[in-house]
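**Q** take this sequence and fold it.
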Amino acid sequence: MNRLATETSPYLRQHRDNPVDWYPWGEEAFAAARERDVPILLSVGYSACHWCHVMAHECFEDDEVAAAMNAAFVNVKLDREERPDVDGLYMEALTALTGRGGWPMTMALHHDGRPFFGGTYFPKDAFLKVIEGLTEVWTTRHDELDKQATQLTEKLTKVAETVAAKDVPGVELVNESLKKLGGAFDPEWGGFGKAPKFPATFHTELILRAYMTSGRDEARNVITTTLDAMCSGGMYDHIGGGFARYSTDREWLVPHFEKMLYDQALLVGLYRQSYSVLGQPQYKQVVEETIAYVLRELRLPGGGFASAQDADSLDAEGNSVEGAYYTWTPDEIRAALADVDAQAAGVAQQWWGITDEGNFEGRSIPNRSEARGKLARPPALEAVRRRLLQVRSGRPAPGLDDKVLTEWNALFLYALADAATAFQRSDWKQVAVETGEFLLRELRDDRGRWFRSWQADGEPQARHAALAADHAALVQAFIRLAEATGEARWITAARETADTMLDWFWDPVEGGLYTTAEDAEQLIVRQKDVYDNATPSANSVAANALQRLAALTGDSRYANFADRILQLLAPICEQSPGGTSNALLAVFLRQRGILELVMVGDVPELVRVGQVLWRPDLVMAWGEPYDSPLWEGRTEGNAYLCRNHVCERPVTEPEQLYEQLSGRPVPEGMNIRATTSSEG
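**A** Residues are numbered from 1 along each chain as shown. You can find the predicted model right below:
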């Protein structure tokens, strides 16, 4: 057993019985490398990563490979989800070295952390050759490696030193980026680009925001084609709800089957917003089923949500196979539904495309690709789905990465509170409150400093200093929780977290947030998280959240910080519009301005209108007053709609508020005084 046995990361503990003499990331490993005068071999992955498991089986569990690694290196295993600061730095180096990135990531480092070699997945024979080659150059061409590492580190430093623009970017930058996204749109299958396809939630949300402004059919088509194709293909779990990480093909049919908490969070938000704007019932169904999946499969007994489920699980023969848990054969369908009725199996096979030939390695991924967007199930078919889910739950389950990550939990907390508000779901709101309380209780210390990761295996414990992304996501989530509950404590939590973020992560010279705190471990380069990838960048989330916090509290300091972030992001948005769509949403919000809605006293019907009639440029204050000019001089029973704290005439009736918010009378037949639902 190596040094990973006591780590809190399930991914690291997966490797504790490897014959490789693994170290966790830290000074002990670097000291050992200096003492032995050998390089560091850094291996980075994550629990749900399919190819990480493949390389582990082929290399790290192999005695021959392990012996070569132990002789040549001090070997360090890192969970990229626990330490995205370290992962991001070396992924930047890997991309500079090879032109591409990915996981598992394999890097060779000098004793001081400077990288000189990088790659991703290596099969056994190729990896043995890499080890041999690195050993040879380390002993015979050390000076050359040292020079190469210095040059690469200088390049990384220059990348991190982005110079801010003089002005806050305007809406023309958003429009130019929208044109480029339109050019990358796949008009047949939706999404952007070709295979493999990722959800690209920020791109679609930006186009949705543009559609709300322009009403153009072209923008609507991008949204509906993309969302319908995604939720109809096999990337969406039609039996259990929730989305896989991405599709390997253009048609969204065959995913890598890992399910990540952050994808559920971002896609719940996108489908909820799209339902609120477009009213398509299948989008509401996707939100409900995805939230049901997360609450059923990822919610932990100790509180919080697990990070992910693996792509691989055991098949009927006991082999670890990708997708074994989620795929079906006609015989399995018939066996599962034998006690339902004679027609049930045939109906299920036709509805979800379960065929003898299959669509994935001789088995079938349930899908609705031939009936795109048609997800609503008759009651009898819904009973069949429930039966299939019950049978599937008896299969060997995919591995669960049960560490709680602050950033990802905050992203899902935001999405859950948002959906609870829009759909008036008191049950979801209660879970959101419990999640917020868990984060405050378990992941913040008595000094107000946050941690990144928490694990309940054995004695519950929080580890690793939180990053800027954790803080920004928390501010955003606490604001939305305040709007969902009317409780002032969540605005207090948002302000305290924002102040901690600005105190410890802010760059006073160029503006923006560094990835790591001022007092954190010093890596070879102090980077800034500025690109929106699988998760939004720390700076783009902060720019959005700080604008909203300024509007709710009246503290212009937060708005000034948001402007400086947008100045930092402006040149990056111009250079890489495909990687900054969430930042452009913050630009969009800045240029349109924020509306403030204050509802005073016990006014549930007014609150309901404000919550259900969603506007992306609206913040809401109701319930318990807190320190803000929004509450000054207000009369109970009134709702005030304001911009920059200059308000329209107060209203007392929900029909009046509906007209103020929407710019039109209440449609005939709509009951906006309906009672709150506890279960939808």
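**Q** where are the low-confidence patches of this protein?
**A** Along the chain, segments meeting pLDDT under 70 span 1, 458, 460, 674-680.
**Q** how close does the residue of the chain positioned farthest from its centre sit to Ala71?
**A** Distance from the centre of the chain peaks at Thr140, with 44.5 Å (CA atoms, centre = their mean). Between Thr140 and Ala71 the distance is 17 Å, computed by CB to CB, to the nearest Å. Any C-beta I mention is one placed from the backbone N, CA and C, and that applies to glycine too.
**Q** now Glu361
**A** 38 Å.
**Q** so what are the domain limits for this structure?
**A** The record's domain parsing of the chain by automatic domain parsing lists 10-160, 171-310+401-592, 312-397, 595-662.
**Q** now name the helix or strand holding the spatially most central residue of the chain.
**A** Against the mean C-alpha coordinate of the chain, by CA atoms, centre = their mean, the closest residue is Tyr262 at 2.8 Å. Assigned by DSSP states H and E, Tyr262 belongs to helix 261-278.
**Q** repeat for Gly133
**A** Going by DSSP H and E, Gly133 is in helix 124-140.
**Q** list the helices and strands the next helix or strand after that helix packs on?
**A** Using DSSP H and E, the helix or strand that follows helix 124-140 towards the C-terminus is helix 142-160. With contacts defined as 3 or more CB pairs under 8 Å, 6 or more residues apart in numbering; DSSP states H and E, helix 142-160 has these neighbours: helix 84-98, strand 115-119, helix 124-140.
**Q** in a markdown table, list the ones you listed along with distance to Gly269.
**A** As requested, the helices and strands packed on helix 142-160 are exported to a markdown table (distance: least, CB to CB, whole Å):
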| stretch | distance to Gly269 |
| --- | --- |
| helix 84-98 | 21 |
| strand 115-119 | 34 |
| helix 124-140 | 40 |
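**Q** buried ones in stretch 648-665, by neighbour count?
**A** Neighbour-count burial for stretch 648-665 flags 650-651, 654, 656-658, 660-661 (criterion: 16 or more other CB atoms under 10 Å).
**Q** looking at those residues, which is nearest Leu566?
**A** Among those, Leu661 lies closest to Leu566 (CB to CB), at 26.4 Å.
**Q** out of the domains of the chain, which is the most enclosed?
**A** domain 171-310+401-592 (a mean of 21; mean count of other CB atoms under 10 Å).
**Q** which SS class is Asn671?
**A** coil (DSSP: H, G, I helix; E, B strand; the rest coil).
**Q** any figure for the gap between Tyr211 and Leu589?
**A** 16 Å.
**Q** before we move on, the earlier item: out of the helices and strands packed on helix 142-160, which is closest to Ala550?
**A** Using CB to CB, the helices and strands packed on helix 142-160 put helix 84-98 closest to Ala550, at 27.3 Å.
**Q** isn't there a strand covering Val391?
**A** No. The assignment for Val391 is helix, going by three-state DSSP, so no strand is present there.
**Q** my read: Glu322 touches Cys49, true?
**A** No. Using CB atoms under 8 Å, Glu322 is not in contact with Cys49, being 11.3 Å away.
**Q** find residues that contact each of these two.
**A** Ala311 (CB atoms under 8 Å, 6 or more residues apart in numbering).
**Q** so what's the residue nearest to Ala160 when sequence neighbours are not counted up against?
**A** Of all residues not flanking Ala160 in the chain, Gln527 sits nearest, at 4.8 Å (CB to CB, 6 or more residues apart in numbering). Counting by CB under 8 Å, 6+ apart, Gln527 makes contact with 85, 88-89, 92, 156, 159-160, 514-516.
**Q** repeat the analysis, applying 10 Å as the threshold.
**A** 85, 88-89, 92, 156-157, 159-161, 514-516 (CB atoms under 10 Å, 6 or more residues apart in numbering).
**Q** reformat those as TSV; add distance to His471.
**A** Shown next, in TSV, are those (distance: CB to CB, whole Å):
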residue	distance to His471
Asp85	13
Gly88	16
Leu89	19
Glu92	22
Leu156	24
Thr157	24
Val159	23
Ala160	19
Glu161	22
Tyr514	11
Thr515	11
Thr516	11
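**Q** return the member of those residues nearest to Ser540.
**A** Thr515 (13.2 Å).
**Q** distance between stretch 103-112 and the chain's centre?
**A** 25 Å (CA atoms, centre = their mean, to the nearest Å).
**Q** find the nearest non-adjacent residue to Ala344, please.
**A** Closest to Ala344 by CB to CB, 6+ apart is Leu337, at 4.3 Å.
**Q** the helix or strand that contains Met212 to helix 261-278, inter-axis angle?
**A** Of the helices and strands defined by DSSP H and E, Met212 is found in helix 201-214. Put simply, helix 201-214 runs at 10 degrees to helix 261-278, going by axes from the mean of the first three to the mean of the last three CA atoms, to 10 degrees.
**Q** from the contact counts, what lies against helix 201-214?
**A** Under the contact definition 3 or more CB pairs under 10 Å, 6 or more residues apart in numbering; DSSP states H and E, helix 201-214 sits against helix 171-184, helix 217-232, helix 261-278, helix 581-592.
**Q** kind regards, and thank you for your time.
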